[in-house]
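Participant: Give me coordinates for this.
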Amino acid sequence: MRILVVEDDVVIAQAIKKGLEQEKGFAVDIVHDGEKGYDLASSESFDCIILDRMIPKIDGLSLCHMLRNEQNTVPILMLTAKGQTYEKVEGLNAGADDYLPKPFSFDELVARVRALTRRPKTMIPDRIVIADFVMDTVSYAVSRAGQSIPLTQKEYAVLKYLAIHSPSIVTKDQLIEHVWSFDADILPNTVEAVIKNLRKKIDDPFPEPIIHTVRGFGYKICSKMRG
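Facilitator: Numbers count the residues shown, from 1 in each chain. Take a look at the predicted model:
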């Protein structure tokens with residue numbers, strides 16, 4: 001999942017980024033004011049935005065209004081020191097999907113982000129089963145034919161994105177956009193290298209591959225290649 005953090009407190013922003021990226025499946029971009037937040041949220045695709053209410057240039061409430069007025073439906077978690085009931089109501093009325101007052105528990109922050117990304121528009125099931133392949137998106141466990149398969153964070157993130165969209169084709173650009181942060185150093189063969197490593201773990205030890213290349217388009221996961 002690709003997360004945008006809009007937070008002017010550099011220490012808090014970096015702590016959120018570090019904590020989320022230690023979780024499997026998260027890539028995090030940071031900006032420190034509402035203007036840059038608006039520019040990035042409008043031009044890039046994110047699975048969730050963690051938004052401070054009191055930020056310079058464009059405040060959090062105004063940024064929420066702007067994105068919703070442009071039909072941008074990305075889930076927004078407003079993170080702020082303003083925790084009075086009427087202030088929460090203001091945030092939710094501005095278009096935020098959830099509201100977490102500071103100081104906060106990081107475990108609760110992660111749980112709320114996961115809950116937001118499981119809502120109908122971006123539903124992520126707790127368990128994905130494709131033939132003998134099983135991915136538990138809560139415990140991060142991955143197995144095939146009952147055998148546990150250890151993965152790196154990036155391998156897990158790529159595999160999860162493919163599995164969520166199975167049996168549809170996923171392009172390299174989609175993987176880069178949703179799995180890597182904006183400032184990540186992506187080489188032309190970065191995606192191919194991760195896919196190659198996944199095939200060594202997910203496909204090679206088993207009779208039938210589930211990761212397929214669709215030439216000229218991208219990759220897909222399915223039990224049997226069709227078409």
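
Participant: in which helix or strand would I find L116?
Facilitator: Element membership of L116, judged by DSSP states H and E, is helix 106-117.

Participant: So which bits of whichever helix or strand comes after that helix are buried?
Facilitator: Moving toward the C-terminus from helix 106-117, the first helix or strand encountered (DSSP H and E) is strand 127-130. For strand 127-130, burial by neighbour count (16 or more other CB atoms under 10 Å) applies to I128, I130. Using the backbone N, CA and C atoms, a C-beta is placed for each residue, glycine as well.

Participant: domains of the protein?
Facilitator: The chain breaks down into these domains under automatic domain parsing: 2-122, 127-221.

Participant: Take these and write them to TSV, including mean pLDDT.
Facilitator: Converted to TSV, the domains of the chain look like this (pLDDT from 0 to 100):
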stretch	mean pLDDT
domain 2-122	90
domain 127-221	90
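
Participant: Please work out which of the ones you listed is packed deepest.
Facilitator: Stretch with highest mean neighbour count among the domains of the chain: domain 2-122 (a mean of 18; mean count of other CB atoms under 10 Å).

Participant: Which residue comes closest to K154 once chain neighbours are left out?
Facilitator: Nearest residue to K154 in three dimensions, chain neighbours excluded: V194, at 5.9 Å (CB to CB, 6 or more residues apart in numbering).

Participant: what helices or strands is the strand or helix carrying that neighbour leaning on?
Facilitator: Element membership for V194, per DSSP H and E: helix 190-202. Contacts defined by 3 or more CB pairs under 8 Å, 6 or more residues apart in numbering; DSSP states H and E place helix 190-202 against helix 153-164, helix 172-179, strand 211-214.

Participant: which helices and strands does the helix holding L116 pack with?
Facilitator: Using 3+ CB pairs under 8 Å, 6+ apart as the contact test, the elements touching helix 106-117 are helix 10-22, strand 48-52, strand 76-80, strand 98-101.

Participant: could you dump the ones you listed to CSV with distance to V158?
Facilitator: Conversion of the helices and strands packed on helix 106-117 to CSV gives the following (distance: least, CB to CB, whole Å):
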stretch, distance to V158
helix 10-22, 15
strand 48-52, 18
strand 76-80, 24
strand 98-101, 27
